[in-house]
Every structure is written in structure tokens, then in C-alpha cells.
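Colleague: I'd like to go over a predicted model; first the sequence, then the structure.
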Amino acid sequence: MTIAPDDAQRVSPLYQAMRDIVEQMQDRVPGKLEITVEGIVHDMMSPRRPHELTAAQVSRRLEKVMPDGLLAHTGTPDVEEEPEGIMRHPDVMVIAWEDMEGQGAFDPRTLIAAIEVVSRSNPDNDWVGKTRDYPLLGIPHYVIFDPRTGSGAVFSDIHPTPEGPRYATRKDFVYGEDVTVAEWTISTDGLPRYP
């Protein structure tokens, strides 16, 4: 479900109002609330075991091949860019330990990669909305794992377009193939699928 803003000229006050709603409601509703340029997105289902297991396995596999100063983080906080009116929560964030210090949301421009495991209840949030929002946030690599189909895609090479920054390169993969996230290659063997 998306709650769209009614007046694009009031982005900053509207964004603050949406942020206040998300903060008040997040612990009271199932699933996850995020803010996009289109409004509040509610992924209504709480993540299930295959979703969480995929995120954990991808995180662990990445951490085995990345240098010690980096983390494949699966927790909070969100990434936020108030001027763009976007607050997102990637399932896995590749980020340097030092960029996690401080208070509040992460600066999205410190992320090396954002990784999403597609939700069964709202796949367009990952395949459409975040494919639009992550290049706006300056996140250089976006990787999608889709347990519905046993496939995914790696997006990279942000470039300008009339609609704003977009990823120029998309590399599809199927489970069982190796996938490269930024500069680290991991296996997708054995990743869970939705029943």
C-alpha cells in the first residue's frame, strides 16, 4: 500500500510528517514501513524464515570474502536522504565499520551495496521502487535475491537520465550461479525458495 503525498511543493514538511507517522506506527503494525518519493510504503507481512535465512546467508557469505573493515549488516537503522524524501531499510547493507558510528540513520552514500530479498507480499517494492530510489540515494550497487523464482539481479553504474539517476547495468542470475556484489563474488547455491 502506498500513501501518496498530495502536494509535491511541500516536500520537506510532508516528508517530516511521513517520517513522524513511520516512527509512531512502526512498532504497532506488522511488516515494514519505508518512505519513498511516492509516499509511505507498507510491506504488510513480517519477513518469514526463507526471507530472513536468505539475508543471513548472503551476509555471512559476503563477510567471508570481504576485508575486515567492512560489514554485511542486516540490522537497523535505516538509510535516509531527507532532501530526496526517501527513507529505506535494505535487508543487507555493505558498509564500512567506521561509517556505522554516530546516531540516526545511515548516510546512503556510505553504502557500498544495498541487498534486498524480495518479499512475497510486495515484490514491486524491491523490483520497481528500490530500483528507482537506490540510485537517487547514490548507492552504487543494488542486488536483488528473489526466493519466489530462485533468481535475482545486480544493478550498477549509476548514470543521469531525464527522470533522475538510474542504474545503467543489470546482470541477471539464477540460484546456483555465483553472483558478484561490488567486487566480491559469492555462491547462491542452497539459498532457500518460498514454498
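Modeller: Yep, that arrived.
Colleague: how many neighbours does Glu38 have?
Modeller: 15 (other Cβ atoms under 10 Å). In short, each C-beta sits where N, CA and C put it, glycine included.
Colleague: next: the one 3 residues further on.
Modeller: By the criterion of other Cβ under 10 Å, Val41 has 22 neighbours.
Colleague: and the residue nearest the centre of the chain?
Modeller: Pro90 (3.0 Å; Cα atoms, centre = their mean).
Colleague: quick check: which element contains the nearest residue to that residue once chain neighbours are set aside?
Modeller: Nearest residue to Pro90 in three dimensions, chain neighbours excluded: Ala114, at 3.9 Å (Cβ to Cβ, 6 or more residues apart in numbering). Using DSSP states H and E, the element containing Ala114 is strand 111-117.
Colleague: got the phi/psi numbers for Pro50?
Modeller: Phi and psi for Pro50, reported as degrees, to the nearest 10, are phi -60, psi -40.
Colleague: that one: neighbouring residues, count only.
Modeller: Neighbours around Pro50, by other Cβ under 10 Å: 17.
Colleague: tally of neighbours for the nearest residue to it once chain neighbours are set aside?
Modeller: Nearest residue to Pro50, sequence neighbours excluded (Cβ to Cβ, 6+ apart): Pro192, at 4.0 Å. By other Cβ under 10 Å, the residues close to Pro192 number 18.
Colleague: for Pro192, give its distance to Thr180.
Modeller: Remark: distance between Pro192 and Thr180 (Cβ to Cβ, to the nearest Å) = 21 Å.
Colleague: is the residue nearest to Pro90 bridged to anything, and to what?
Modeller: Per DSSP bridges, the residues bridged to Ala114 are Met93, Tyr142.
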